[in-house]
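A.B. asks: Structure, please.
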Amino acid sequence: MRLPYVKEEDLTSEADKAVLERVKQRRGEKGLIALDRTLLHSPPVADGWNSFLGAIRTKTSLPTSVRETAIARVAVLNKAWYEWESHSPILRAADGITSEHVDAVLHSLPRQVHKGIQDDKHAALLSYTDAMTLDVNVPDEIFAALKKHFSDQEVVEVTSTVAAYNCVSRFLVALDVGEKNLQKEPEKEWEL
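C.D. replies: Numbers count the residues shown, from 1 in each chain. Next up, the predicted model:
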């Protein structure tokens, strides 16, 4: 970690304590995580982050399999292993997701979706996630493939999720939150 983690007792103003309480409320029983303790160096940023990422995680219409596939793929592409370790278990537990799917999210080369492992909807999602993350500019054919499977609302939610978690991963990696930067890619856990 490049910055010390903030302790709850370090926040002394009423405004900062109110931010802390909102973050703790969203986290629930899990309590503050290393990301929160880093963001709390700037309580206004932590507050905005908490609100925005809370909406991305809990208020969109996307099924868990879609949301977590996108988040986990961003983590892999950006080598944000703290993010991967947080979200891959959620992806594994999502309805309809196989071990082969999770393995392909982790091990597919950039811009090379393993067709036949994911259904067409998740394959289009992965191609879109790769393009957004690696190229920023999404080719028309990749966008058209995504649109075949997602409504306009869902396209906005997918795009917001990929964009948000690119922000998260870049923050985590730049500040070495969770001390995972030196970790190599997780070992393959399943056979294809």
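A.B. asks: which non-adjacent residue is nearest Val162?
C.D. replies: Computed as CB to CB, 6 or more residues apart in numbering, the closest residue to Val162 that is not its neighbour in sequence is Met132, at 4.7 Å. No exception for glycine: its C-beta is placed from N, CA and C like everyone else's.
A.B. asks: Now do that neighbour against Ser42, distance only.
C.D. replies: For Met132, the distance to Ser42 under the criterion CB to CB, to the nearest Å works out to 26 Å.
A.B. asks: When the two are compared, which one has more neighbours?
C.D. replies: Using other CB atoms under 10 Å as the criterion, Met132 and Ser42 rank with Met132 on top: 22 against 14.
A.B. asks: Name the SS class of the more buried one, please.
C.D. replies: Classification of Met132 into helix, strand or coil gives helix, according to DSSP: H, G, I helix; E, B strand; the rest coil.
A.B. asks: What does the pLDDT read for it?
C.D. replies: For Met132, the model assigns a pLDDT of 98.
A.B. asks: about what we covered before: hang on, isn't the residue nearest to Val162 packed against Pro139?
C.D. replies: No: if you go by CB atoms under 8 Å, Met132 and Pro139 don't touch, sitting 10.9 Å apart.
A.B. asks: how near is the nearest residue to Asp36 once chain neighbours are set aside to Val156?
C.D. replies: Nearest residue to Asp36 in three dimensions, chain neighbours excluded: Val23, at 5.3 Å (CB to CB, 6+ apart). Distance check for Val23 against Val156: by CB to CB, it reads 25 Å.
A.B. asks: Neighbour count for those two, which is higher?
C.D. replies: Shown here are Val23 and Val156; by other CB under 10 Å, Val23 has more neighbours (24 against 12).
A.B. asks: Before I go, just wanted to say thanks for your time.
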